[in-house]
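In: Next comes the sequence, and after it the predicted model I'd like to discuss.
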Amino acid sequence: MNWRRASLGVAAALPVIALLAWGMTRDPKDIPSPLPGKSAPSFALSVFAPGQQPLARTIGDTVRLADLRGQVVVLNFWASWCLSCRDEHVTLSAVARRYAGKPIQFLGVLYNDEPVSGTAWIKEMGGQSYASLNDPGARTAIDYGLYGVPETFFLDVHGRVAYKQTGPASAQVLARVADSLLAVAEKDGAPTKRNQ
Amino acid sequence: MNGLIGHGALLISVAVIVLGIGAGVMAGRLRTQDWINAVYSAVYTNFALVTIATGAMVVALVTHDFSVSYVAQVGSRATPLFYTIISLWSALEGSILFWGWVLSLYAAVVVWTNRRRAGALVPWSATALLSVSLFFAILLIGPANPFHLVYPVPTDGPGPNPLLQNHILMAVHPPLLYLGYVGMTVPFAFAVGAMLSGEIGSNDWIKLTHRWTLLSWGFLSAAIIAGMWWSYEVLGWGGYWAWDPVENASFMPWLTATAFLHSAIMQERRGMLRLWNVNLVVGTFVLTILGTFLTRSGIISSVHAFTTGTIGYFFLAFIALVLVASLGLVAGNSDRLGSVGHLDSAASRETVFLLNNLFLTVFMFTVLVGTLFPLVAEAIRGVKVSVGEPFFNRMSLPVVIVLVFLMGVGPALPWGRASRDELRRKLVPPAAGTALLLAIALAAGMRNAYALAVVALAGYSIVANAREIVIGMQARHEAHGEAWGVALLKLAGGNRRRFGGYLAHIGVFAVAIGIAASSSMRSDREATLKPGESVTIAGRTLRLKSVWGREETQRSVVGATLEFVENGRVAAIIEPRMNFYPASQQPVPTPAVRSSLLGDVYVNLQAFRPDGSNVTVKVIYEPLVPWIWAGGLIVVLGAITSILPQRVRVAREADARQPATGARGALAGLHANVEAT
């Protein structure tokens, strides 16, 4: 046994071990979205589930992102076949109702699903306070780089993506992000007079 | 009760292994028979104990003993008995138990078959095997304990992952994979044993290692092909290979083991590549552990999900230990491993073997880099990247093309030195195979340059390998007047390893042609059909006859019956299905395949209307897919032929009677030469 050479062999092993050990601290499935800070992709989608008063919209109406400028927008992608969407449903619905009257819009977007199943699901879950939009061909989902459902995007008053939540959203996160975006909106003055 | 027996046996086995390792160190140093017997007894006892634990688990599964955590996790009263038994390897803890059992089996067989061998090689190798066993035993009483007691005892369980109870190949692929994967521990143990006992300088350990590598390699080859087949038959995408980390994990050690099977011959015959061979053997084992770590720790994103947890840290510690110990040991012994022989001429089989090793290693590193790149990129640049099929295909295709060519040139060239005349006589005629297959491929409509290159060179190499067999038969026929069939059998029996090698080569060519054709000439289409409507693909017409549903004990099934219509008559029917398992949100497809020698029609049920008024099917035509499975079978036959014990004496007599004049004589001499190894 040549110990000098042996120690060289051991030294060669160390970087590999270091790399693998470092890898243990990472989650390969946690892929950061490039969207936060960028201008949100525009959309024009029609309402298939009306929501409830006071947040109700009319079935068949087209909602355009451009028309929502000056308000905070919370966009929740969901599907009737998605299990985690059930977990966050009640929370989302309740938080949206609590913010009624403030310059913030909650919208659901149906992902890879039929409006019929979506409507049935909402009924089964005991209703949804805000309206949901149909996204035929998942075009908007693709624009937003959806990785799965549920995912929730928070857009600021300037139409930029401020925050993205992967997986079910908790009441705390929803309130914290919504409050901070609303605070910024107030500080910026009258939203309609913003210059961008 | 089963839980107590299983857990108890595993606890005792840890103690036995620790004692055995201690005895092994003493046996290696003192070389006294008592210590040696103690190590061997530890190996046998460990095998008995792990067998008891595995048996207890099988009994628990079959009797639905839900007080055992693993049974509660994967068992279900509705699952058929067959799938209940094989659910032993359908989740993490059970698969580690099975791993431990296969390893203890290998260790016992290795020790039993070599127990009379003199020297410290076998005791040290047994100690190395016990050390690896210790790791798995610790996993089994710690983070991967399948025998936790569950209380209160559930009345029923969810059943195994639906994907894993859907096809018969689930009974075949995992055991083969473990036999191949775990089997690579044996060559590693021999290498460690040879280094620790000081026998690394002799060629003796290489011969022993060669046989054991062949065995594991045969299992691993079969496992990889069976895995491809399973993925093709079950997943519904019509593909069989996606360069997923789990697939790469099985493929990398296969590449280095393949390299070793060739370079070991270089050492046996010429005393060359001695350090290289130790590296290949150790590297193959490290790759099996690395592959397991990558896929079980969750540090690389893979479609094959294993539940993770703390087990990743155990694997990390183990892999660190293995890397440090084996690299240190190999580097420390490197000055004893200089080459004795040297290359006589560039025009020789040695050269081809060297190139073959070079390209197989390059191939392995390409796959390794592609697999680890996401990790490296994130460590260095902090970006998330994924490496997909385009990288692997682009990087590996040129290597594959060269390898296919080398597989033809190698067998045609003699050891030592080939004369100009000999080169022409050996290397020119197989070009006829290139011309023939190229013409067929072009006529069949193949236009992809890479695929054409693979097919053309496979044509060359098939002829080159077949020619070696025919020349051997001819020599026997003329020398002894043997009938051709007898000559073939005697030739195969005379030098099994060489003949098995040719056979394995021919199998690989069939696989290569199958992959080239099916990936470059695939056509697919999606169609929504009402009963009575048809879809046509690659000249074949499929008509939807009916949509049906039925309840089975463990699942509900929706299926579509489609008819192949040829000349207005129904030639065959095909029934793709969708299975709904209570424990699974998404349906599990069972695509249907109609195979023929020339290609497969593959139908997957994508969607259906609940009232049966229409279905959406994906129809794929893939030429030559069955060639991949058949080729895999030929490779395995080649491995079996090579492993079968050789009747050396009889073969030598036969060769001694061959006339040693002219080209035939040179050939006979060559055969006699090979016999001597």
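Out: Received, thanks. Numbering: from 1, shown residues only, chains lettered A, B, ... in the order given.
In: Quick check: can you list the domain ranges of chain B?
Out: B:1-160, B:172-395, B:396-520+B:628-676, B:523-626 (automatic domain parsing).
In: Which among those domains is found nearest to A:Ala100?
Out: domain B:523-626 (33.3 Å; Cβ to Cβ). Where you see a C-beta, it was placed from the backbone N, CA and C, and this is true even at glycine.
In: what's the distance between that closest one and the middle of its chain?
Out: Distance, stretch centre to chain centre, for domain B:523-626: 31 Å (Cα atoms, centre = their mean, to the nearest Å).
In: How far does that domain stretch from one end to the other?
Out: Its first and final residues considered, domain B:523-626 spans 16 Å by Cα to Cα, to the nearest Å.
In: So which of the domains of chain B is nearest A:Leu14?
Out: A:Leu14 sits nearest to domain B:172-395 of all those, at 8.0 Å, using Cβ to Cβ.
In: Can you lay out the domains of chain B as TSV showing distance to A:Ser80 and mean pLDDT?
Out: What follows is the domains of chain B, written out as TSV (distance: least, Cβ to Cβ, whole Å; pLDDT from 0 to 100):
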stretch	distance to A:Ser80	mean pLDDT
domain B:1-160	23	94
domain B:172-395	22	90
domain B:396-520+B:628-676	37	84
domain B:523-626	11	90
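In: For those domains, give me JSON lines that also has mean neighbour count and distance to chain A.
Out: Listed next are the domains of chain B as JSON lines, based on neighbours: other Cβ atoms under 10 Å in any protein chain shown; distance: least, Cβ to the nearest Cβ, whole Å:
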{"stretch": "domain B:1-160", "mean neighbour count": "20", "distance to chain A": "13"}
{"stretch": "domain B:172-395", "mean neighbour count": "20", "distance to chain A": "3"}
{"stretch": "domain B:396-520+B:628-676", "mean neighbour count": "18", "distance to chain A": "23"}
{"stretch": "domain B:523-626", "mean neighbour count": "17", "distance to chain A": "6"}
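In: Among those domains, single out whichever gets nearest to A:Val109.
Out: Of all the domains of chain B, domain B:523-626 sits nearest to A:Val109, with 20.5 Å by Cβ to Cβ.
In: Can you check which helix is longest in chain A?
Out: Secondary structure of chain A per DSSP state H: the longest helix is helix A:3-23.
In: For B:Ile224, which non-adjacent residue is spatially closest?
Out: Ranked by Cβ to Cβ, 6 or more residues apart in numbering or on different chains and with sequence neighbours excluded, the top spatial neighbour of B:Ile224 is B:Ser250, at 5.5 Å.
In: Now do the contacts for that neighbour.
Out: B:177, B:180-181, B:220, B:223-224, B:227, B:291 (Cβ atoms under 8 Å, 6 or more residues apart in numbering or on different chains).
In: Swap in 10 Å and give it another go.
Out: Contacts were defined as Cβ atoms under 10 Å, 6 or more residues apart in numbering or on different chains; by that measure B:Ser250 touches B:177, B:180-181, B:220, B:223-224, B:227, B:287-288, B:291, B:295.
In: what do you get for B:Tyr106?
Out: Contact analysis of B:Tyr106 by Cβ under 10 Å, 6+ apart lists B:43, B:47, B:129, B:132-133, B:179, B:182-186, B:189, B:212, B:215-216.
In: For residue 144, grab phi and psi.
Out: I'll assume chain A. A:Tyr144 has phi and psi values of phi -90, psi 0 when expressed as degrees, to the nearest 10.
In: my bad, chain B
Out: Per degrees, to the nearest 10, the backbone of B:Ala144 is at phi -120, psi 30.
In: Likewise for B:Asn448?
Out: phi -70, psi 130.
In: How about it, nearest residue that isn't a chain neighbour?
Out: B:Asn448 sits nearest to B:Ser520 (Cβ to Cβ, 6+ apart), 3.8 Å away.
In: Helix or strand: which one has the residue most central in space within chain A?
Out: Among the residues of chain A, A:Thr152 comes closest to the average C-alpha position under Cα atoms, centre = their mean, at 1.4 Å. Here A:Thr152 sits within strand A:151-155, counting by DSSP states H and E.
In: after that strand comes which helix or strand?
Out: Following strand A:151-155 in sequence order, the next helix or strand is strand A:161-166 (DSSP H and E).
In: Now do the following helix or strand past that next one: distance to the chain's middle.
Out: Counting by DSSP H and E, the next helix or strand C-terminal to strand A:161-166 is helix A:171-187. Distance, stretch centre to chain centre, for helix A:171-187: 14 Å (Cα atoms, centre = their mean).
In: Flag every buried residue along helix A:171-187.
Out: A:173-174, A:177-178, A:181-182, A:185 (16 or more other Cβ atoms under 10 Å in any protein chain shown).
In: Can you add pLDDT and distance to B:Pro591 and give those residues back as CSV?
Out: Formatted as CSV, these follow (pLDDT from 0 to 100; distance: Cβ to Cβ, whole Å):
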residue, pLDDT, distance to B:Pro591
A:Val173, 89, 42
A:Leu174, 91, 42
A:Val177, 91, 44
A:Ala178, 91, 46
A:Leu181, 90, 48
A:Leu182, 90, 52
A:Ala185, 79, 53
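In: Make JSON lines from those residues and add distance to B:Gly568 to it.
Out: Formatted as JSON lines, those follow (distance: Cβ to Cβ, whole Å):
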{"residue": "A:Val173", "distance to B:Gly568": "64"}
{"residue": "A:Leu174", "distance to B:Gly568": "64"}
{"residue": "A:Val177", "distance to B:Gly568": "66"}
{"residue": "A:Ala178", "distance to B:Gly568": "67"}
{"residue": "A:Leu181", "distance to B:Gly568": "68"}
{"residue": "A:Leu182", "distance to B:Gly568": "71"}
{"residue": "A:Ala185", "distance to B:Gly568": "71"}
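In: Including distance to chain B, could those go into CSV?
Out: Formatted as CSV, these follow (distance: Cβ to the nearest Cβ, whole Å):
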residue, distance to chain B
A:Val173, 22
A:Leu174, 25
A:Val177, 23
A:Ala178, 28
A:Leu181, 26
A:Leu182, 32
A:Ala185, 32
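In: quick one: A:Lys164 and chain B, what's the gap?
Out: 15 Å (Cβ to the nearest Cβ, to the nearest Å).
In: my guess is that residue meets A:Gly145, correct?
Out: Yes - between A:Lys164 and A:Gly145 there is a contact at 9.1 Å, judged by Cβ atoms under 10 Å.
In: Of the two, give the one with the bigger neighbour count.
Out: Ranked by neighbour count (other Cβ atoms under 10 Å in any protein chain shown), A:Lys164 and A:Gly145 place A:Lys164 first, with 19 against 14.
In: what about the spatially closest residue to that one that is not a sequence neighbour, how many neighbours?
Out: Closest residue to A:Lys164 apart from its sequence neighbours, by Cβ to Cβ, 6+ apart: A:Ser33 at 4.7 Å. Per other Cβ under 10 Å, the neighbour tally for A:Ser33 reads 16.
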